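Peer 1: What would the 3D arrangement of this be:
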Amino acid sequence: QDKLDTFAPGRYMCYQGLKHARPYIEDGVANMAADGVREAVGIVLAPHYSIMSVGGYVERARKKAEELGIEMNFVESYHMHPKLLEALISRVKTGLGPFDASRPVKVLFSAHSLPVRIREINDPYEAQLLETSAAVAEGAGASDWSFTW
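Peer 2: Numbers count the residues shown, from 1 in each chain. Modelled structure (predicted):
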């Protein structure tokens, strides 16, 4: 909220909606409507898109927004955003810091897996994870790396 106010004071509001706890996704959208919001952008705090995660949030928010007359658009992935990559590269460099540069270190990138049925429908999650991992490894100077579930 504070960052948005530096661009346009009082113009932007942030609302929260959770999948498994209050306030639920639908509650967040209902709060927007109660405050008179007619146009919104939804951002799930997971940079990699999967129909099971981000897709589920978007579907629930979109349904409630349509019901309440809110025009809602969504950021569905931001796995290659320069600021995200910068933050991840910094963390990997920090993690590699204590290791002796003369000895090889293998860097492992990991995320939760998906059911086979989701992978079979060409869900972009796995490809996006690999793309992010490759960019972070390159930026951190980690030539020996792997992705693991």
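
Peer 1: Tell me where the model's unsure across the protein.
Peer 2: 1 (pLDDT under 70).

Peer 1: Over to the residue of it most remote from its centre: give its phi and psi.
Peer 2: Largest separation from the mean C-alpha position in the chain: residue 102, at 35.1 Å (Cα atoms, centre = their mean). Per-residue torsions, residue 102: phi -80, psi -10 (degrees, to the nearest 10).

Peer 1: What degree of burial does the nearest residue to residue 106 once chain neighbours are set aside show, as a neighbour count?
Peer 2: In space, and not counting its chain neighbours, residue 106 is closest to residue 144: 4.9 Å by Cβ to Cβ, 6 or more residues apart in numbering. The way it works is simple: take the backbone N, C-alpha and C, and place the C-beta from them, glycine included. Residue 144: 9 surrounding residues under other Cβ atoms under 10 Å.

Peer 1: Can you verify my assumption that residue 144 contacts residue 107?
Peer 2: Yes - under the criterion of Cβ atoms under 8 Å, residue 144 makes contact with residue 107 at 6.8 Å.

Peer 1: quick one, strands of this structure?
Peer 2: Under the criterion DSSP state E, strands of the chain are mapped to 39-43, 71-75, 107-110, 145-148.

Peer 1: With distance to residue 62 and mean neighbour count as new columns, can the ones you listed be given to me in JSON lines?
Peer 2: Shown next, in JSON lines, are those (distance: least, Cβ to Cβ, whole Å; neighbours: other Cβ atoms under 10 Å):
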{"stretch": "strand 39-43", "distance to residue 62": "8", "mean neighbour count": "15"}
{"stretch": "strand 71-75", "distance to residue 62": "6", "mean neighbour count": "15"}
{"stretch": "strand 107-110", "distance to residue 62": "30", "mean neighbour count": "14"}
{"stretch": "strand 145-148", "distance to residue 62": "31", "mean neighbour count": "13"}
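
Peer 1: Would you reformat those as TSV and include distance to residue 25?
Peer 2: Converted to TSV, those look like this (distance: least, Cβ to Cβ, whole Å):
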stretch	distance to residue 25
strand 39-43	9
strand 71-75	11
strand 107-110	27
strand 145-148	29
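
Peer 1: Residue 11 is nearest to which of those strands?
Peer 2: Closest of the strands of the chain to residue 11 is strand 39-43, at 11.3 Å (criterion: Cβ to Cβ).
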